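1. Sequence below, structure please.
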Amino acid sequence: MPIPKNSPLTLVFRMTDATGADKTGTPTVRIAKNGAAATVATNAPVAQTGFGSASVWAVTLTADETNGAPVAFEASLSGAVTIFDTIYPEGDYTGARALNLDRLDAATSQSDVQAGLTAQGYTAGRAAFLDTLNGLVAAVWGYAGRTLAVFGDSTGVTTLLGRLTITRAGNLDLIDRALSTLSTYAGGDTPGTATLLTRIASALTITAGRVGLITEYDRAKNAASPAEVSPTIAFSPTINPTAVTVNPAPVTVQGGYTPQLHSAILAAIGTPQQSGAAVTLPSPAPAGYGGGSSGGGLSDDAAAQIAATLAAVSVLGSGRVVVLSPVLTNGDVKLARGFDYFLADGLAPKWSSDNWADLTGAQAVVLTVEGAAPVSGAVVAAGSGVQTVAVDVARDAFQGLAPGGRGYRLEATLANGHRVPLAAATIQLG
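-> Have a look, this model is predicted:
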């Protein structure tokens, strides 16, 4: 058993002669620690009784005498066989730890071990599986070649092994390689790609990076959109100074003539004032207009009203009149500098939407154009449904700006003080 280091230790021994007979007399006990010279033990041996022999002795070594490793022990007596032994006290082995080991031995029982195994999920069924596994391992190990060949393969395993060839294994190695190493591009086009690119270039016209078909599509789309084409009325009036009468020349209405334009002309004219001018309109005319002798499907009465309008403005001399709404459907604004566009005259640019925040009680409406001072506007209609705002533009509002297009931003400050956007597009100054 382990011997505690640096703790008192009692040794019991018997002194006999060479024949094994008891030898009487008090023996001498010497101790040598860690290979040092032997010295007489501090405590003298004490005779022990009750053993049926008068030669049994006990000596108690002090804690200092056991503070070594090893500790040599010698008991000698004249005429007796000298007793010599070596003990190895352990520094970590203490009495307290020895007591704990005793308690552990007493507390551990077979039932405790079973309870622990059960807590870890160890069941009789699993024990049987372990027994089966042990049998399989023993069978494999007992086979001379120690391989599974003797047990044979299942049908599925046999099929799989038959399909796994060296060629297929090589294909798997290719999959494992980096994709960049598998690319066949290598900085150039394949013959098929080169042929395709040649045919595309010969079939399409590419100008300034645009395909000819797309350019033609854009041109057709712009020509067909009333919101993008400024309808014009061209005329060449003559004035008879003697009779002070206006003789309108043949009139041609070109590009973008729509029901909206027709309605605007009729609203501005009122009732017919003059007839007799030759009016040529695009054919066919917008849907909803009756046929007439003026051509293009426009009624005689409507043609007469248009002719009267042209006669009324012919005194201004020859020129080009552009009839359009200041705000187009795409949000762009077209204004001519030097003119007043006021709401009171029905000319102010107006914006409408049913998707704005409620403008009821709005504190401000502001139009900001690049390079010009902000212009204030007003709410024309607010609340649920479609809301409308307008901005009065005086003749000198944008006088300092060069002709052309520039961006604008329309915004409002709501009743709660929040600043919100309403529109943003381009304003064209003529």
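2. How about the contacts made by Ser202?
-> By C-beta atoms under 8 Å, 6 or more residues apart in numbering, Ser202 lies in contact with nothing. Every residue, glycine included, has its C-beta placed from N, CA and C.
3. Doesn't it belong to a strand?
-> No - applying DSSP: H, G, I helix; E, B strand; the rest coil, one finds Ser202 to be helix, outside a strand.
4. quick one: it from Thr195, how far?
-> Ser202 sits 11 Å away from Thr195, going by C-beta to C-beta, to the nearest Å.
5. next one: Ala390
-> Applying C-beta to C-beta to Ala390 and Thr195 gives a distance of 61 Å.
6. ok, those two, which is more surrounded?
-> Ala390 (23 against 11; other C-beta atoms under 10 Å).
7. Domain parsing of the chain, as residue ranges.
-> Per automatic domain parsing, the structural domains of the chain span 3-90, 232-322, 333-429.
8. where among those domains is the average confidence lowest?
-> Lowest mean pLDDT within the domains of the chain: domain 232-322, at a mean of 44.
9. Convert stretch 114-132 to CSV, retaining C-alpha atoms only.
-> What follows is stretch 114-132, C-alpha atoms only, in CSV (Å, rounded to 0.1, in the frame of the first residue of the first chain):
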residue,chain,number,x,y,z
GLN,A,114,-25.7,0.0,-13.1
ALA,A,115,-27.5,3.2,-12.2
GLY,A,116,-24.7,5.3,-13.8
LEU,A,117,-24.8,3.2,-17.0
THR,A,118,-28.6,3.5,-17.2
ALA,A,119,-28.4,7.2,-16.8
GLN,A,120,-26.1,7.3,-19.9
GLY,A,121,-28.7,5.3,-22.0
TYR,A,122,-27.0,1.9,-21.5
THR,A,123,-29.8,-0.7,-22.0
ALA,A,124,-29.9,-4.5,-22.3
GLY,A,125,-30.7,-4.1,-26.0
ARG,A,126,-27.7,-2.0,-26.6
ALA,A,127,-25.6,-4.4,-24.7
ALA,A,128,-26.8,-7.2,-27.0
PHE,A,129,-25.8,-5.0,-30.0
LEU,A,130,-22.3,-4.6,-28.5
ASP,A,131,-22.2,-8.4,-28.1
THR,A,132,-23.1,-8.8,-31.8
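10. now it: mean pLDDT?
-> 82.
11. Who does the strand or helix carrying Leu367 pair with, and is each partner parallel or antiparallel?
-> Using DSSP states H and E, Leu367 maps to strand 364-369. Strand 364-369 has the following sheet partners, assigned by DSSP bridges: strand 375-381 (antiparallel), strand 404-413 (antiparallel).
12. Please work out which residues outside that strand touch it.
-> Identification of contacts with strand 364-369 by C-beta under 8 Å, 6+ apart yields 349, 374-379, 389, 391, 393, 398, 401, 406-413, 422, 427.
13. any idea which helix or strand carries the residue nearest to Val12 when sequence neighbours are not counted?
-> Leaving aside its sequence neighbours, Val12 sits nearest to Ala58 (C-beta to C-beta, 6 or more residues apart in numbering; 4.8 Å). If you go by DSSP H and E, Ala58 is part of strand 56-61.
14. for Asp22, what are its contacts?
-> For Asp22, the contacting residues are 14-16, 53-55, by C-beta under 8 Å, 6+ apart.
15. Take those and lay them out in a markdown table including secondary structure, distance to Asp354 and neighbour count.
-> Shown next, in a markdown table, are those (DSSP: H, G, I helix; E, B strand; the rest coil; distance: C-beta to C-beta, whole Å; neighbours: other C-beta atoms under 10 Å):
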| residue | secondary structure | distance to Asp354 | neighbour count |
| --- | --- | --- | --- |
| Arg14 | strand | 120 | 19 |
| Met15 | coil | 124 | 24 |
| Thr16 | strand | 125 | 16 |
| Ser53 | coil | 124 | 14 |
| Ala54 | coil | 128 | 15 |
| Ser55 | coil | 125 | 20 |
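16. The closest residue in space to Thr10 that isn't next to it in sequence: neighbour count?
-> Nearest residue to Thr10, sequence neighbours excluded (C-beta to C-beta, 6+ apart): Thr60, at 4.6 Å. Using other C-beta under 10 Å, the number of residues around Thr60 comes to 15.
17. Could you number the chain from 31 rather than 1 from now on?
-> Sure, I'll start counting at 31 from here, so that last one is Thr90.
18. quick one, strands of the stretch 81-230 of the chain?
-> 86-91, 101-106, 113-117, 119-120 (DSSP state E, counting those that start in this stretch).
19. where's Asn73 relative to Gly192, distance?
-> Distance from Asn73 to Gly192, by C-beta to C-beta: 86 Å.
20. Same drill for those two, tell me which one is more crowded.
-> Legend: neighbour count by other C-beta under 10 Å for Asn73 and Gly192, higher for Asn73 (15 against 8).
21. The more buried one contacts Ala88, correct?
-> No - shown here, Asn73 and Ala88 do not form a contact pair, counting by C-beta atoms under 8 Å, at 9.5 Å.
22. Wasn't Ala392 part of a strand?
-> No - read with three-state DSSP, Ala392 is coil and lies in no strand.
23. Please list all residues in contact with it.
-> 409, 412, 442-445.
24. Just among the residues you listed, which is most surrounded?
-> Neighbour counts for the contacts of Ala392 were taken using other C-beta under 10 Å; the highest belongs to Ala442, with 22 neighbours.
25. Look up which residues are beta-bridged to it.
-> In this entry, Ala442 is beta-bridged to Val395, Val450, by DSSP bridges.
26. How about the contacts made by it?
-> Ala442 sits next to 386-387, 389, 392, 394-396, 409, 419, 449-450, 452 when contact means C-beta under 8 Å, 6+ apart.
27. Let me see the contact set for Asp426.
-> Contacts of Asp426 (C-beta under 8 Å, 6+ apart): none.
28. again, 10 Å this time
-> Contacts here follow C-beta atoms under 10 Å, 6 or more residues apart in numbering; on that basis Asp426 touches 367-368, 370.
29. need the helices for the stretch 81-230 of the chain, in chain order.
-> Using DSSP state H, counting those that start in this stretch, the helices of the stretch 81-230 of the chain run over 125-137, 140-149, 154-172, 185-193, 196-206, 221-233.
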